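Novice: sequence unknown, structure follows:
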């Protein structure tokens with residue numbers, strides 16, 4: 001569905017600009033100020049959601065015009081960056097592109113000066129096409145395709161990770177001048193998504209890898225780790241930093257001059273300050289200022305910035321064991337689409353009513369399902385929502401920016417390319433992106 005211009009009509013002054021792919025809604029200083037609260041940002045998002053669905057008549061629209069769509073507040077990405085700089089000033093963020101490779105998010109982060117964690121040739125090319133120099137990319141994939149290694153060499157991406165002997169020999173053959181970062185094993189048992197079963201060398205293995213790198217005359221420059229995506233134990237950083245210090249010291253004994261520590265990701269919005277404090281303490285204890293420190297936040301930047309609107313396409317009445325009435329709702333998006341975060345990221349998206357045909361606000365029990373013919377396509381088994389929802393009503397889901405659109409599929413013939421309406425509740429973000437100047 002081709003996007004159409006959105007205009008927010010109220011007492012606030014609004015600038016609207018379009019390009020061939022996206023819409024930009026820029027609120028000037030007469031609207032939402034740069035110190036906008038979360039409440040004001042949500043109010044703006046809600047207003048754009050309602051204005052968009054007001055343009056859709058499900059009884060007369062063309063096929064696909066009532067598809068699910070996003071509203072993305074790039075001002076939220078901007079504020080998260082300022083929050084990072086305030087709490088983790090020593091750690092330069094290298095955004096994990098895999099989390100959400102949305103071009104406008106990437107463009108904003110590039111303007112803000114972040115680095116980028118890329119795990120494939122396509123991600124590397126995506127970042128380079130934005131004009132980001134190769135020096136701001138880390139090829140953070142311990143097991144790389146040979147042709148991708150040759151491509152990294154061709155485009156000048158020198159920094160990359162490894163965690164096994166075969167990878168070292170592969171790099172020696174394909175890219176012997178690469179700057180190597182040894183990924184070590186961590187305890188990620190308290191994380192939503194655990195990586196240690198797949199990646200990372202134990203401390204004993206790290207010793208062997210450093211010996212081999214020395215024999216192969218390869219350039220090891222640092223150590224990396226990842227405490228797991230969506231980590232919940234702040235102490236995990238302290239132990240990982242201590243282990244990294246051990247590897248630094250062992251490398252020095254072999255003549256390596258390690259100057260980079262990559263602390264990976266695992267940062268979430270809810271626990272960020274706690275984790276940042278733990279990490280800062282560990283860095284101060286174990287690493288002097290001359291060691292460069294980078295991190296790989298993904299969901300921290302993207303999750304809260306995206307809100308998804310979905311349309312009720314069908315409804316089925318059901319009865320509980322005690323005879324109480326409830327409903328099965330079928331949406332035009334599901335776990336094979338933007339709700340892939342339920343399966344791949346262990347998320348539990350919370351439905352909220354955006355528009356309903358009934359004025360009744362009595363709580364009603366629902367189960368909510370996606371549109372495909374697969375029985376696992378369930379968004380939530382049980383939820384209570386106000387009023388009796390019907391076909392044509394709309395729900396919305398907040399915090400849908402991480403591991404959603406990027407892992408959507410075309411299963412059962414449904415689209416994986418849903419429209420994104422971009423707004424900025426932060427004048428600083430608007431100015432950086434060049435689609436509006438503060439007045």
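Specialist: Received it, and whenever you're ready, just let me know what you need. Keep in mind that this is a model prediction, so the values were computed, not measured.
Novice: neighbours of residue 179, how many?
Specialist: When neighbours are defined as other C-beta atoms under 10 Å, residue 179 has 18 of them. C-beta: built from backbone N, CA, C; applies to glycine.
Novice: residues contacting it?
Specialist: Residues in contact with residue 179, defined by C-beta atoms under 8 Å, 6 or more residues apart in numbering, are 158, 159, 160, 219, 221.
Novice: now those residues in CSV, with pLDDT, distance to residue 249 and neighbour count?
Specialist: As requested, the contacts of residue 179 are arranged in CSV below (pLDDT from 0 to 100; distance: C-beta to C-beta, whole Å; neighbours: other C-beta atoms under 10 Å):
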residue, pLDDT, distance to residue 249, neighbour count
158, 98, 25, 18
159, 98, 22, 23
160, 98, 23, 23
219, 97, 18, 14
221, 98, 15, 18
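Novice: ok, so of these, who is nearest residue 199?
Specialist: For the contacts of residue 179, the residue nearest residue 199 by C-beta to C-beta is residue 160; the value is 13.1 Å.
Novice: what about the helices in this protein?
Specialist: Assigned by DSSP state H, the helices in the chain fall at 38-54, 74-87, 103-112, 121-128, 146-155, 165-174, 203-215, 235-253, 272-286, 299-302, 341-344, 427-433.
Novice: what about the longest one, average pLDDT?
Specialist: This means helix 235-253. For helix 235-253, the per-residue pLDDT values average out at 93.
Novice: quick check: longest strand of the chain.
Specialist: The strand that spans the most residues within the chain, counting by DSSP state E, is strand 306-319.
Novice: ok now that strand, how far from the chain's centre?
Specialist: 25 Å (C-alpha atoms, centre = their mean, to the nearest Å).
Novice: where does the chain have its least confident helix or strand?
Specialist: For the chain, the helix or strand with the lowest mean confidence is strand 14-18, at a mean of 31 (criterion: mean pLDDT, DSSP states H and E).
Novice: buried stuff in stretch 46-61?
Specialist: Neighbour-count burial for stretch 46-61 flags 47, 48, 49, 51, 52, 53, 56 (criterion: 16 or more other C-beta atoms under 10 Å).
Novice: which of the contacts of residue 179 fall within strands?
Specialist: Members of the contacts of residue 179 lying in strands (criterion: DSSP E): 159, 160, 219, 221.
Novice: hmm, back to that, residue 67: which of the helices of the chain is closest?
Specialist: Evaluated over the helices of the chain, closeness to residue 67 peaks at helix 38-54, with 11.3 Å, by C-beta to C-beta.
Novice: what's that closest one packed up against?
Specialist: For helix 38-54, the contact count by 3 or more C-beta pairs under 8 Å, 6 or more residues apart in numbering; DSSP states H and E identifies strand 69-73, strand 306-319, strand 351-355, strand 394-397, strand 420-424 as packing neighbours.
Novice: can you list the strands that the second one pairs with?
Specialist: I take that to be strand 306-319. Sheet neighbours of strand 306-319, with direction, are listed as strand 69-73 (antiparallel), strand 325-331 (antiparallel), strand 394-397 (antiparallel) (DSSP bridges).
Novice: can you list those in TSV and add distance to residue 207 and mean pLDDT?
Specialist: Shown next, in TSV, are the strands paired with strand 306-319 (distance: least, C-beta to C-beta, whole Å; pLDDT from 0 to 100):
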stretch	distance to residue 207	mean pLDDT
strand 69-73	46	96
strand 325-331	53	94
strand 394-397	47	97
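Novice: looking at these, which is closest to residue 201?
Specialist: strand 69-73 (37.7 Å).
Novice: so what touches that closest one?
Specialist: Counting by C-beta under 8 Å, 6+ apart, residues outside strand 69-73 touching it are 1, 41, 44-45, 48-49, 52, 102, 104-105, 305-309, 338, 400-401, 405, 418-425.
Novice: quick one: it to helix 38-54, angle?
Specialist: Angular relation of strand 69-73 and helix 38-54 on a 0 to 180 degree scale: 150 degrees, by axes from the mean of the first three to the mean of the last three C-alpha atoms, to 10 degrees.
Novice: redo the strands paired with strand 306-319 as JSON lines? Include mean neighbour count and distance to residue 281.
Specialist: As requested, these are arranged in JSON lines below (neighbours: other C-beta atoms under 10 Å; distance: least, C-beta to C-beta, whole Å):
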{"stretch": "strand 69-73", "mean neighbour count": "25", "distance to residue 281": "32"}
{"stretch": "strand 325-331", "mean neighbour count": "18", "distance to residue 281": "45"}
{"stretch": "strand 394-397", "mean neighbour count": "25", "distance to residue 281": "36"}
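Novice: how about those in a markdown table, adding distance to residue 203?
Specialist: What follows is the strands paired with strand 306-319, written out as a markdown table (distance: least, C-beta to C-beta, whole Å):
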| stretch | distance to residue 203 |
| --- | --- |
| strand 69-73 | 42 |
| strand 325-331 | 48 |
| strand 394-397 | 42 |
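Novice: closest one to residue 351 among the ones you listed?
Specialist: Between residue 351 and the strands paired with strand 306-319, the tightest spacing by C-beta to C-beta is seen for strand 394-397, at 4.7 Å.
Novice: contacts for the closest one, please.
Specialist: 49, 53, 307-312, 329, 331, 349-355, 368, 389.
Novice: endpoint to endpoint, stretch 158-169 covers what distance?
Specialist: The first residue of stretch 158-169 is 16 Å away from its last residue (C-alpha to C-alpha, to the nearest Å).
Novice: and that stretch, what's buried?
Specialist: Along stretch 158-169, these residues count as buried under the neighbour rule (16+ other C-beta under 10 Å): 158, 159, 160, 161, 162, 163, 164, 165, 167, 168.
Novice: so what are the domain limits for the chain?
Specialist: Dividing the chain into domains by automatic domain parsing, as the record does, gives the ranges 14-74+306-433, 75-302.
Novice: could you tell me the least trusted of those?
Specialist: Mean pLDDT values for these show the minimum at domain 14-74+306-433, a mean of 83.
Novice: how far off centre is that one?
Specialist: Domain 14-74+306-433 sits 17 Å away from the centroid of its parent chain (C-alpha atoms, centre = their mean).
Novice: now the longest strand of the chain against helix 74-87, angle please.
Specialist: Relative orientation of strand 306-319 and helix 74-87, computed by the same axes, to 10 degrees: 110 degrees.
Novice: strand 306-319: which residues count as buried?
Specialist: Applying a neighbour-count criterion of 16+ other C-beta under 10 Å, the buried positions in strand 306-319 are 306, 307, 308, 309, 310, 311, 312, 313, 315.
Novice: separation between the fifth one and residue 367?
Specialist: To tie it back to what came earlier, the one meant is residue 310. Residue 310 sits at a distance of 15 Å from residue 367 (criterion: C-beta to C-beta, to the nearest Å).
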